[in-house]
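1. any chance you can model this:
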Amino acid sequence: MLVDVVDNCLVRTSGKPRYASLSYVWGPSKQAFTSTKANVNELFVPGSLERHTRDLSATVSDAIVLTRQLGIRYLWADRMCIVQDDEEDVREQISGMAQIYEGAYINIVAATGSNAESGLPGVTVPRDQSGMILFTPYS
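-> Numbering: from 1, shown residues only. Reported below is the predicted structural model:
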């Protein structure tokens, strides 16, 4: 399951789609929007994430913007792509995280954030000398 940053919804893809992955610290922060058993089916409807834009964590929201700006259609972000209250999905996805990051076209690493509300420096929050976004391209 991936976030389609063009159609603003979750999608299931086949084959090997080109996608960005996000690595960040959840940390102590407000309870940001996640995929759950109760809402996951709704999130497959095109445009559904637009209704939740204010509820997404700043880092996930910035990653969606950045992925779109880079011309990449899909994003893997754990908060959205793992159904958080589904123990089987959590277990399966966590055990496959090495493959998720390895299969990404780029990995976006929020290296300076202390929590999910830190955002990505240079996207919607100002960048200072200590902050950076790291990209690891894979071919």
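2. what sits against the residue nearest to S48 when sequence neighbours are not counted?
-> For S48, ignoring the flanking residues on the chain, the nearest one in space by C-beta to C-beta, 6 or more residues apart in numbering is C9 at 4.9 Å. Every C-beta, even on glycine, is put in place using the N, C-alpha and C of the backbone. If a contact means C-beta atoms under 8 Å, 6 or more residues apart in numbering, then C9 has 3, 43-49 as its contacts.
3. mind doing that once more with 7 Å?
-> Taking C-beta atoms under 7 Å, 6 or more residues apart in numbering, we find C9 in contact with 43-49.
4. mark which of the residues you listed are buried, thanks.
-> 43, 48-49 (16 or more other C-beta atoms under 10 Å).
5. any weak-confidence spans in the protein?
-> Per-residue confidence of the chain (counting by pLDDT under 70) places the weak regions at 27-30, 115, 119, 122, 125-139.
6. change it to 50
-> Filtered on pLDDT under 50, the chain yields the residue ranges 129, 131, 139.
7. so where's the longest helix in it?
-> Scanning the chain for the helix with the most residues, using DSSP state H, yields helix 58-69.
8. tell me how far that helix is from the chain's mean position?
-> Per C-alpha atoms, centre = their mean, to the nearest Å, the displacement of helix 58-69 from the mean C-alpha position of its chain is 8 Å.
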